[in-house]
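pasting the structure only:
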């Protein structure tokens with residue numbers, strides 16, 4: 001290559017509620033299941049939140065008893081996702097950002113949640129994660145990241161591993177190509193996929209640094225994300241133009257890069273000529289040590 005449970009039922013008619021907030025951005029076999037690791041770490045509907053000009057989804061997704069919040073950090077255009085079991089109050093946080101740690105901890109406290117795991121979808125180059133500092137402020141919290149990321153964490157997961165919180169869980173799918181340690185986290189009923197930087201809304205993560213490889217990324221998206229149900233909601237790590245959510249079906253049909261052939265995709269990615277991320281020189285070293293470097 002270049003470079004934490006009971007099963008829940010999907011409620012498809014709830015999808016339209018989420019899609020209205022949109023703006024303009026293989027699991028293992030049964031025989032291998034016994035070797036999987038499980039890591040410990042809502043269904044009414046709540047009005048969307050409006051913050052700094054964006055409308056955010058606070059919808060309970062399509063899984064009964066699942067609390068869900070989508071949060072935004074404006075400087076790096078990063079989405080942080082909070083998921084919790086409405087009965088046990090166990091929660092998981094995906095891709096938290098250092099600058100918004102107080103906001104996130106306040107929300108967790110207000111909702112009466114017990115945050116068990118803070119997950120990073122990959123080793124970020126555009127912001128510093130808050131997982132390390134958050135662990136200092138929340139007793140018992142564990143950090144998690146892919147074992148292929150090269151970063152330190154309490155939990156190193158890989159393909160097929162489950163991150164559980166109460167009756168719910170997220171299944172890990174390795175989706176390298178932007179970085180070697182990129183993963184997509186899929187809800188137990190496959191109604192939601194948190195794609196990190198691998199798949200963005202009408203785009204994808206760049207492949208010109210940090211073990212990036214366009215061929216690997218193309219194969220990751222097509223084999224690990226585009227094989228999910230059409231109605232599966234796509235929640236990326238970033239969006240730069242106000243979009244909040246998409247679906248697998250939409251991206252498979254309309255993504256301007258990933259609808260191309262492999263050869264065309266590689267050519268596109270090799271000729272983006274994007275500027276170097278402004279914070280890469282401080283973000284990557286910090287994120288390799290759970291975001292606590294010089295913090």
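Received it, and whenever you're ready, just let me know what you need. Please read all numbers here as calculations on a predicted model, not as lab measurements.

isn't residue 93 right next to residue 104, touching?
Yes. Shown here, residue 93 and residue 104 form a contact pair, counting by C-beta atoms under 8 Å, at 6.7 Å. (Glycine included, C-beta is placed from N, CA and C.)

and stretch 155-175, end to end?
From the first residue to the last, stretch 155-175 extends over 18 Å; the measure is C-alpha to C-alpha, to the nearest Å.

do the same with stretch 266-279
Length of stretch 266-279, first residue to last, C-alpha to C-alpha: 26 Å.

give me the residues contacting it.
Contact with stretch 266-279 is made by 76, 125-128, 206-209, 214-215, 217-218, 257, 260, 283, as judged by C-beta atoms under 8 Å, 6 or more residues apart in numbering.

helices - which of these land there?
Among the contacts of stretch 266-279, the members falling in helices (DSSP state H) are 214, 215, 217, 218, 283.

okay, the second one: pLDDT?
In this case it means residue 215. Confidence per residue is given as pLDDT, and for residue 215 that number is 98.

surely it touches residue 262?
Yes. Counting by C-beta under 8 Å, residue 215 does reach residue 262; the two are 6.6 Å apart.

ok, and the most crowded of the contacts of stretch 266-279?
When neighbours are counted as other C-beta atoms under 10 Å, the busiest of the contacts of stretch 266-279 turns out to be residue 217, with 30 neighbours.

show me which pair in the contacts of stretch 266-279 is furthest apart.
Of all pairs drawn from these, the widest gap by C-beta to C-beta lies between 128 and 260 and measures 33.6 Å.

how far away is residue 119 from residue 233?
Applying C-beta to C-beta, to the nearest Å, one obtains 18 Å for the distance of residue 119 from residue 233.

neighbour count winner among those two?
When neighbours are counted by other C-beta under 10 Å, residue 119 comes out ahead of the other of residue 119 and residue 233, with 31 against 26.

please report phi then psi for that one.
Backbone dihedrals for residue 119, given as degrees, to the nearest 10, come out at phi -110, psi 140.

repeat that for residue 268.
As for residue 268, its main-chain torsions (degrees, to the nearest 10) stand at phi -60, psi -50.
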